[in-house]
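Undergrad: Coordinates for the following, if possible.
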Amino acid sequence: MANLRSPRYNFFCAFQFLLLLQTKVLSYQYKVGDLDAWGIPTSANPQAYAKWSKYQSFKIGDSLLFLYPPSQDSVIQVTEQSYNSCNLKDPILYMNNGNSLFNFTKPGELFFTSGEAGHCEKKQKLYISVFSGNGSAYAPSYGPSALPDTASSPSYPTVFGTIPQPPSSSPSLGFPLFITAVIASATWAIIKAMM
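TA: Residues are numbered from 1 along each chain as shown. Predicted coordinates for the structure are as follows:
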C-alpha cells in the first residue's frame, strides 16, 4: 500500500489533477438550432437559425450537428455569395447522411444551407462566426446581428418521427479522458515500481 504522505504519492496526485484540469472541457457539439431537426423553419419563426446562431459563441474545436432525414434533406457549406443568393451549385462541402457533423478547424465566417432546391429561400440556412483561440472573431457587417432581439425560443415540429437527440451542447471528453487514464495508469505503475 502506498504511503499517503510520501512525496511520490503527492506528486502523483498533483500530476493527475493537472491532467484532469487540462482536459476538462475542450470543445462543444452544438445541435443546430437546438431544434428536433435541420429543416425549413416554421412560418411562426422564419429566422430560427439566424436567431440561434446569434446567441452562440463558437470556437475552434467545437462542432455542429445537423440532424435530418437523409431521404428528405442535406446540408451544404457554401460561399458568402452563394449563401446570400441561395445558389446551390458548386458547394464547398456536401453532407447527406442525416447525422452530419461539421468541425471548426479555423476562425472565420461559415455559411451553410440546405442542399434541397427551394429550402434556402425559405430561410433554411445558417451563418456562423467562429472565434479563434484568443477569443476574437470576425465581426459580421450583416446577418444575425441585424436581427431584432426577441425572447421567443425557436420551435420546430417533427414531421417524420423522432430522432435520437444528443444533448444540445455536450462536452467532447471521450478521447482526452482516455489519454488521461492511460497516462495516469502508466504514472502509477512507475511510482509503484520505484517504491
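Undergrad: Got the phi and psi for His190?
TA: Quick fix: residue 190 reads Ile, not His. Recorded main-chain torsions at Ile190 are phi -70, psi -50, according to degrees, to the nearest 10.
Undergrad: now do Gln77
TA: Dihedral angles (degrees, to the nearest 10) for Gln77: phi -100, psi 130.
Undergrad: How many residues are close by it?
TA: 18 (other Cβ atoms under 10 Å). All C-beta spots, glycine's among them, are computed from the backbone N, C-alpha and C.
Undergrad: confidence score at it?
TA: Confidence at Gln77, expressed as pLDDT, is 96.
Undergrad: contacting residues for it?
TA: Going by Cβ atoms under 8 Å, 6 or more residues apart in numbering, Gln77 touches 91-93, 102, 110-112.
Undergrad: mind checking how far it is from Gln124?
TA: 14 Å (Cβ to Cβ, to the nearest Å).
Undergrad: Which positions within stretch 64-76 qualify as buried?
TA: Within stretch 64-76, the residues scored as buried using 16 or more other Cβ atoms under 10 Å are 64-68, 73-76.
Undergrad: beta partners of the closest residue to Lys125 other than its chain neighbours?
TA: Sequence neighbours aside, Thr113 is the residue nearest to Lys125 in space, at 3.9 Å (criterion: Cβ to Cβ, 6 or more residues apart in numbering). Note on Thr113: beta-bridge partners Ile76, Lys125, judged by DSSP bridges.
Undergrad: how far away is Thr113 from Tyr127?
TA: From Thr113 across to Tyr127, the span is 10 Å (Cβ to Cβ).
Undergrad: same check, this time on Glu80
TA: From Glu80 to Tyr127 the distance is 9 Å (Cβ to Cβ).
Undergrad: Comparing those two, which shows the higher neighbour count?
TA: Between Glu80 and Tyr127, counting by other Cβ under 10 Å, Tyr127 is the more crowded of the two (21 against 14).
Undergrad: hang on, that one packs against Phe111?
TA: Yes - taking contacts as Cβ atoms under 8 Å, Tyr127 lies within contact range of Phe111: 5.8 Å.
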